[in-house]
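J.: my questions are about this predicted structure, shown below with the sequence.
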Amino acid sequence: MSWKIIQRYRYILEEERGTIRKDWGGRLAIALAYPNRYHLAMSNLGFQTIYTVLNSFDHVVCERVFLPDPEDMEEYQRTNTPLMSLESQKPLQDFQIVAFSISFENDCINVLKILEMANIPLMSEDRGENHPLIMAGGVVTFLNPEPLSPFIDLFIIGEGEEILGEFLRILNHCLEKGLGRMERLEYLGKEVEGIYIPQFYEVGYDSQGRIKYFQPKGGLPDKIKSGRLKEVDKYITQTQILTAHTEFSNMFLIEIGRGCTHGCRFCAAGFIYRPPRMRDWYRLKDMALKNMHKTLKIGLVGAAVSDLPNIPTLCQSITCRGGKVSLSSLRADTLTKELLEAIKEGNSRAIAIAPDAGSERLRCVINKGITEQDIIEAVCMLVEGDIDTIKLYFMIGLPTETNRDVEAIISLSKRLKHHILSSSKGKRIANLSLSVNSFIPKPFTPFQWVPFERVKLLKEKMRLIRKGLKGERKIQVTFDLPKWAYIQALLSRGDRNVGKILMAAHKLNGNWKEAYKIVNVNPDFYVYRKRDFDELLPWDFIDHGIKKGYLIEEYKKAMECKTTPICQPESCQRCGVC
């Protein structure tokens, strides 16, 4: 046991406000693990929310676990110390459950690293009665849990707040009855909606490697119905622990709602979180004002923050009390002078909007629902509001994209710069910051059947943009790395066999290129292959309520460059969720 690590953890705890501490006596001990470093984990509102929810049950003690920072990792290895929880510095083996909260596909490899550091067998089938139950939730797992399924005993599919109470009640019943590990898992899989136990489902493949069948064993359900929070105001989704050591340094985050009305065809959140549910703005105001004694920095987060009714009034109620408001991103067509004034009063110096595509045609394909004029007017308004940095999010590799669409990113950026200069009128000239990322086809979207763009082509498109904007003052461009986007696409679109690649990459210390060579599984089969509409997809066993026929219809409309109206739950039954 390393005293240096214990001291380091105690220092981190001293820097926190809102940490929940509980005595272990007679309680179910759960280690909530985020498969990345503390700095990123504590910036994640979903992780903090589940920590709060689990600790709200009196019979549960929940502590946090993270992938160690490089310095701590070296100390762990030097002293052969098993991975410990933050709060009590107990090894993970002492917990009855290790629960992973996974928000990003590229963090999946860190799940294996954490298990290895805790001396817990990596494969689910190798664990016995004395090992903790390994479970996982988070948006990655309710899009497609299959690449991780060889390593996880139990998945929570859907919004955790809605499932955890029933899960803990049934688990407690199993423990009281003295059921063994496999009996507990089987019982949970049968009795709790939203629970997926991979070991109780058999997968068969055809001669080409496509899934032939996906069958449950022992009377478990054919499909896993995802949990959905019916009343968003029932739970308070806000920062539990404040610390300076995060992306948002001492900012109090509040989720304004779930889902989005706009139905952008590339966006998984716009489909799996249907129907869109906004919190009552009075409730949001109350949440913000009650916590301003902790910090004056309030962050409002959600898929489409500016869609919230009365959002300018909410922002003004914070800023008039000396608070500073930050919004995760804005739609160009919903930015108003009233909202901008409220943001400006909060001293926000950078605002992000997402055109996503450079051309009008491609924005129709993805059903973005904003025009170039919307974007220009929004940028001019931001300049008039003295915003220093205007961030623009774009994607490349979208379905039907041509070089003309890529060149449209360049020409749009130059036109926006011209409008910025024209609108500045002696003011400080705002910076235009472009973030260009590779499009990843996601499950449960109309684009789930399309292939990922070839890495070589993505690099060529990046070179085209870089060359087209070279020497343009006040325009900065950053790109993601196509090789990492390829891995994300593999883990987004893969089946259980991709778990073999994941295991190999872990054993090779993250060398994915070598992992592809030594495993008899072709990653290109999952990444670059177009799927047929009648193909059984790895995630088809999950029921989010969305009709596959609706997604096919949306795909066909995209290919015809036709748009779809926004989601209106009170009057629409198109997708099948309502």
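T.: Cool, got the structure.
J.: and the closest residue in space to Glu87 that isn't next to it in sequence, helix, strand or coil?
T.: Of all residues beyond its chain neighbours, the one nearest Glu87 is Glu63 (4.1 Å), with distances taken as CB to CB, 6 or more residues apart in numbering. Where C-beta positions appear, they are placed from N, C-alpha and C, glycine not excepted. Put simply, Glu63 is strand when judged by DSSP: H, G, I helix; E, B strand; the rest coil.
J.: how much space separates Glu63 from Thr19?
T.: Distance, Glu63 to Thr19, by CB to CB, to the nearest Å: 10 Å.
J.: neighbour count winner among these two?
T.: Glu63 (26 against 18; other CB atoms under 10 Å).
J.: surely the more buried one and Gln89 touch.
T.: No: with contact defined as CB atoms under 8 Å, Glu63 does not count as touching Gln89 (9.3 Å).
J.: give me the contacts around stretch 237-256.
T.: The contact list for stretch 237-256, computed with CB atoms under 8 Å, 6 or more residues apart in numbering, reads 12, 15-20, 38-40, 42-43, 45, 48-49, 51-52, 161, 278-279, 284, 287-288, 291-292, 294-295, 297-302, 305, 308, 311, 326.
J.: filter those down to the buried ones, PyMOL style.
T.: What follows is the PyMOL syntax selecting those of the contacts of stretch 237-256 that are buried according to 16 or more other CB atoms under 10 Å:
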select buried, resi 12+16+19+20+38+40+42+43+45+48+49+51+52+161+278+279+284+287+288+291+295+297+298+299+300+301+302+305+308+311+326
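J.: in strands, which of the contacts of stretch 237-256 fall?
T.: Residues of the contacts of stretch 237-256 located in strands (DSSP state E): 278, 297-301, 326.
J.: now pLDDT and distance to Arg454 too, for those, in a markdown table please.
T.: What follows is the ones in strands among the contacts of stretch 237-256, written out as a markdown table (pLDDT from 0 to 100; distance: CB to CB, whole Å):
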| residue | pLDDT | distance to Arg454 |
| --- | --- | --- |
| Met278 | 93 | 40 |
| Lys297 | 94 | 42 |
| Ile298 | 95 | 43 |
| Gly299 | 94 | 37 |
| Leu300 | 95 | 38 |
| Val301 | 94 | 34 |
| Ser326 | 90 | 37 |
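J.: of those, closest to Glu183?
T.: Val301 (40.6 Å; CB to CB).
J.: tell me where the stretch 301-450 of the chain has strands.
T.: Ranges of strands in the stretch 301-450 of the chain, per DSSP state E, counting those that start in this stretch, are 324-327, 350-356, 389-396, 431-438.
J.: between those, which gets nearest to Ile566?
T.: Evaluated with CB to CB, those place strand 350-356 nearest to Ile566, the distance being 16.1 Å.
J.: contacts for the closest one?
T.: 264, 266, 327-332, 335, 343, 363, 366, 368, 370, 375, 378-379, 382, 387-395, 398, 412, 433.
J.: and it, which residues are buried?
T.: Buried residues in strand 350-356 (16+ other CB under 10 Å): 351, 353-356.
J.: okay, it in PDB with CA atoms only?
T.: What follows is strand 350-356, C-alpha atoms only, in PDB (Å, rounded to 0.1, in the frame of the first residue of the first chain):
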ATOM      1  CA  ALA A 350     -16.700  32.600 -25.900                       C
ATOM      2  CA  ILE A 351     -19.800  31.200 -27.500                       C
ATOM      3  CA  ALA A 352     -20.200  28.000 -29.600                       C
ATOM      4  CA  ILE A 353     -22.600  27.400 -32.400                       C
ATOM      5  CA  ALA A 354     -22.700  24.300 -34.600                       C
ATOM      6  CA  PRO A 355     -23.300  24.700 -38.400                       C
ATOM      7  CA  ASP A 356     -22.000  21.000 -38.600                       C
END
